[in-house]
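**Student:** what's the 3D shape of this:
(one chain, ligands or ions: 2)
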Amino acid sequence: MSPRTLAAKVWREHVVRRTKAGNDLLYIDLHLLHEVNTPQAFTGLRDAGRTVRRPDLTLGTEDHSTPTRSVDHVDPDAARRLQRRTMARNCAEFRIPMHRLGSASQGIVHVIGPELGLVRPGMTVVCCDSHTTTLGAFGALALGIGTSQVEHVLATQTLALARPKDMAVTVTGTLPAGSTAKDLALAVIHRVGSAGAQGHAVEFRGEAVRALSMEGRMTLCNMAVEMGARAGIVAPDEITRDYLLRAAPRDAGRFDGLAPVGDDDAVFDREVTLDGAVVLPRVSWGTNPAQSVPLDGRVPDPGELDDAADASAARRALDYMALAPGTAVRDIAVDTVFIGSCTNSRIEDLRAAAAVLRGRRVRVDTMVVPGSALVRAEAVAEGLDEIFARAGADFRAAPGCSMCVGLGEDRLAPGIRCASTTNRNFEGRQGTGSRTHLVSPAVAAATAVRGRIASPDDL
Ligand SMILES: CC(C)[C@H](C(=O)O)[C@@H](O)C(=O)O
Ligand code: SF4
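**Tutor:** Ligands and ions are numbered 1, 2, ... in the order given. Modelled structure (predicted):
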């Protein structure tokens, strides 16, 4: 048998048959749903008189448009109220289990799947959301899909797809103290470019990746889509196993013997290698996640960029971000700080932020939104809520996407500059006219204290 990559093995294990169009019909082990992008899929199902094939392999939550002030806060926006009601009705009608706001297991879809122990090595997982790549951290093949595909999976538990190409991102050595998975993600995307991994499943490997916790691996895979990747994947190991043992002790046995890893001599269509030892804390300065520099650096001067397209993109981005070329990153003053999102709202992220905020006060509005009700409960049990409160940060009562995308009540006003632990800094991402600097939780917390972009060492 010819050597195969991890992604190719998982794919192969799930092929039901080849379609006439030359794609593979894949069996889907887990289908996650949220309230955006799903209503038309249910309408299609209903119109065709079909049922959901495997409600037991399907799980819904609500996260994008939910309020974060309190679980019973009534959203003044009728369209959002309708969207949430529709999701709940659809799940009830088709007997799909759903974690509604207020339930102990509700949260951002990519946060709750893993913490409920539902995502295991070797599985195929799909969800109506581009950041489904997050779940590849478990050695699963996790793909974001669109509404018509959601309908197909609901009806058949299968999906016809073209196999992605294979790409390896190998990170050698050890990350320096103070550098995190988020900094690594920004460094990789900077290197590969915001569309550089298009059409590929990216396997992250090497010593620096192996050293990451599951939370860190999720942060890295989460941002794989920001370089255009179809999927990110990390080979399962003892760290994966320990996480699963904690999350779902009853199912942990299923891990044994079932965990595929890629063959040593498997050939990738593309390989990129990075030295982890030189990955410093990074900050995005532009309007796509590839536009970042080390925190110690300066915003680029478009006039000094060799590539004409890069230079004009940089000019546009600096204009939108209201930054002068060559500005030192540490001189950038922010109006607000957001700590949250499926990139950085897990317990380890909140601990990192709290470690910086302990005994300090924030200078700018700072909002901390847990990724799930379970994360929030854990944070409270550890006393992180008290640390945030004493620091003057607003630790929200209800989990969700919140200010990551501005689809709910939490959003930034035009012109507001935010240091944010999220994954996208597109124009208007956190609200029309908002300006986003992507950073790690530790840098976000230090920035909140200083009011300018800062690392914990600056305090
Ligand atoms: C709303 C949703 C479909 C979207 C996605 O697909 O990623 C959102 O989660 C995002 O991060 O932009
Ligand atoms: S937290 Fe942000 S990136 Fe993640 S699913 Fe929600 S909106 Fe998308």
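
**Student:** what residues of stretch 25-39 count as buried?
**Tutor:** Across stretch 25-39, burial judged by 16 or more other C-beta atoms under 10 Å covers 25-26, 28-39. Any C-beta I mention is one placed from the backbone N, CA and C, and that applies to glycine too.

**Student:** er, stretch 89-105 I mean
**Tutor:** Neighbour count says stretch 89-105 has 90-91, 94, 96, 98-101, 105 buried, by 16+ other C-beta under 10 Å.

**Student:** and the closest residue to ligand 1 within the stretch 301-450 of the chain, what pLDDT?
**Tutor:** For the stretch 301-450 of the chain and ligand 1, the shortest gap (C-beta to the nearest ligand atom) falls at residue 405, measuring 5.2 Å. Here, the pLDDT recorded for residue 405 equals 97.

**Student:** which ones among the buried residues of stretch 89-105 lie within strands?
**Tutor:** Among the buried residues of stretch 89-105, the members falling in strands (DSSP state E) are 98-99.

**Student:** save the buried residues of stretch 89-105 as TSV, and put in distance to residue 116 and pLDDT too.
**Tutor:** Formatted as TSV, the buried residues of stretch 89-105 follow (distance: C-beta to C-beta, whole Å; pLDDT from 0 to 100):
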residue	distance to residue 116	pLDDT
90	20	98
91	16	98
94	20	98
96	15	98
98	13	98
99	9	98
100	15	98
101	16	98
105	6	97
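
**Student:** dump the buried residues of stretch 89-105 into CSV; add distance to residue 266 as well.
**Tutor:** Shown next, in CSV, are these (distance: C-beta to C-beta, whole Å):
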residue, distance to residue 266
90, 41
91, 40
94, 40
96, 37
98, 39
99, 38
100, 43
101, 43
105, 37
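
**Student:** out of the buried residues of stretch 89-105, who's nearest residue 81?
**Tutor:** Comparing those against residue 81 with C-beta to C-beta picks out residue 101 as the nearest, at 11.7 Å.

**Student:** can you pull the contacts of that closest one?
**Tutor:** Shown in contact with residue 101 (C-beta atoms under 8 Å, 6 or more residues apart in numbering): 62, 66-67, 71, 84, 398, 400.

**Student:** hmm, who's touching stretch 4-20?
**Tutor:** 24-29, 122-124, 139-141, 158, 160, 163-164, 166, 168, 201, 203, 231, 233, 235, 260-263, 266, 268.

**Student:** do any residues in the helix or strand hosting residue 366 lie close to ligand 2?
**Tutor:** Using DSSP states H and E, residue 366 falls within strand 365-368. No - for a cut-off given as C-beta under 6 Å from any ligand atom, strand 365-368 has no contacts with ligand 2; the smallest distance is 13.3 Å.

**Student:** before we move on, back to that, burial check on the residue of the stretch 301-450 of the chain closest to ligand 1, number of neighbours?
**Tutor:** Residue 405 has 22 neighbouring residues, counting by other C-beta atoms under 10 Å.

**Student:** for residue 104, which non-adjacent residue is closest in space?
**Tutor:** Leaving aside its sequence neighbours, residue 104 sits nearest to residue 373 (C-beta to C-beta, 6 or more residues apart in numbering; 5.4 Å).

**Student:** that neighbour is in contact with residue 111, isn't it?
**Tutor:** No - the criterion here is C-beta atoms under 8 Å, and residue 373 misses it with residue 111 at 9.9 Å.

**Student:** against ligand 2, how distant is residue 65?
**Tutor:** Remark: distance between residue 65 and ligand 2 (C-beta to the nearest ligand atom, to the nearest Å) = 10 Å.

**Student:** phi, psi of the closest residue in space to residue 376 that isn't next to it in sequence?
**Tutor:** Leaving aside its chain neighbours, residue 376 sits nearest to residue 370 (3.9 Å; criterion: C-beta to C-beta, 6+ apart). For residue 370, the backbone dihedrals (degrees, to the nearest 10) come out as phi -60, psi 150.

**Student:** for this structure, what lies in contact range of ligand 2?
**Tutor:** Within reach of ligand 2 by C-beta under 6 Å from any ligand atom, the chain has these residues: 63-64, 108, 110, 129, 131, 341-342, 401, 404-405, 422-423.

**Student:** list the contacts for the residue nearest to residue 104?
**Tutor:** So residue 373 contacts 103-107, 398-399 (C-beta under 8 Å, 6+ apart).

**Student:** okay, now the domains of this structure?
**Tutor:** With domains defined by automatic domain parsing, the chain comprises 6-161, 165-278, 282-458.

**Student:** quick check: which element contains residue 67?
**Tutor:** Using DSSP H and E, residue 67 sits within no helix or strand.
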